[in-house]
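**Student:** Predicted model and sequence follow; I will ask about them next.
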Amino acid sequence: MPLLLLLLFIVVPAIEIYVLIQVGQVIGVLPTIALLLVDAVLGTWLFKREGRKAWRALNEAVAAHRVPAKEVADGALVVLGGAFLLTPGFVTDVVGVLCLLPPTRALLRRALTKVVAVRMLGPAGLVPGPRMRGRSRRTRVIEGEIVDDDR
């Protein structure tokens with residue numbers, strides 16, 4: 001966690017400042033500022049459009065009595081993309097747009113799903129409980145009684 005905070009608060013702003021200076025030297029100060037403003041306007045429009053789509057899809061999934069896993073992940077990525085777009089700079093804007101565009105968001109959603117599954121279930125897909133201590137994660141033994149409920 002401290003490494004992530006270091007990355008977020010020191011490394012990312014340093015990269016953003018470097019990129020802004022480089023772009024400013026190539027195209028000039030005023031065009032750089034204009035590009036940032038256009039980027040902000042287009043990013044806001046895209047965030048609003050994709051946010052509405054994600055909200056609509058979530059409501060449709062709930063109305064259809066389905067678990068809205070995909071829709072929740074899409075909504076989270078849209079919010080994350082919006083947060084990146086709010087951060088001034090070109091690098092975070094590119095990451096934000098990648099979170100907002102449907103094709104790249106689908107790829108990010110798949111990767112996010114895998115990361116969350118591994119963090120929650122472990123690499124073998126099993127949750128190590130108290131009865132599994134000392135056993136291999138590949139073996140799956142569930143101790144208990146078998147109840148036959150034929151009526």
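**Tutor:** Thanks, I have the structure now.

**Student:** residues in contact with the most centrally placed residue in the chain?
**Tutor:** The chain has residue 77 as the residue nearest its centroid, 4.3 Å off, counting by Cα atoms, centre = their mean. Neighbouring residues of residue 77 by Cβ atoms under 8 Å, 6 or more residues apart in numbering: 99, 100, 105, 108, 109, 112. Every C-beta, even on glycine, is put in place using the N, C-alpha and C of the backbone.

**Student:** just those residues: which has the poorest pLDDT?
**Tutor:** Least confident of those in the model: residue 112, at 88.

**Student:** Please name every helix or strand in contact with the longest helix seen in the chain.
**Tutor:** The residue-count maximum for a helix in the chain (DSSP state H) belongs to helix 29-63. Contact analysis of helix 29-63 by 3 or more Cβ pairs under 8 Å, 6 or more residues apart in numbering; DSSP states H and E lists helix 12-27, helix 69-86, helix 90-100 as its packing neighbours.

**Student:** Can you list the buried residues in it?
**Tutor:** 32, 36, 39, 43, 46, 47, 50, 51, 54, 57, 58, 61 (16 or more other Cβ atoms under 10 Å).
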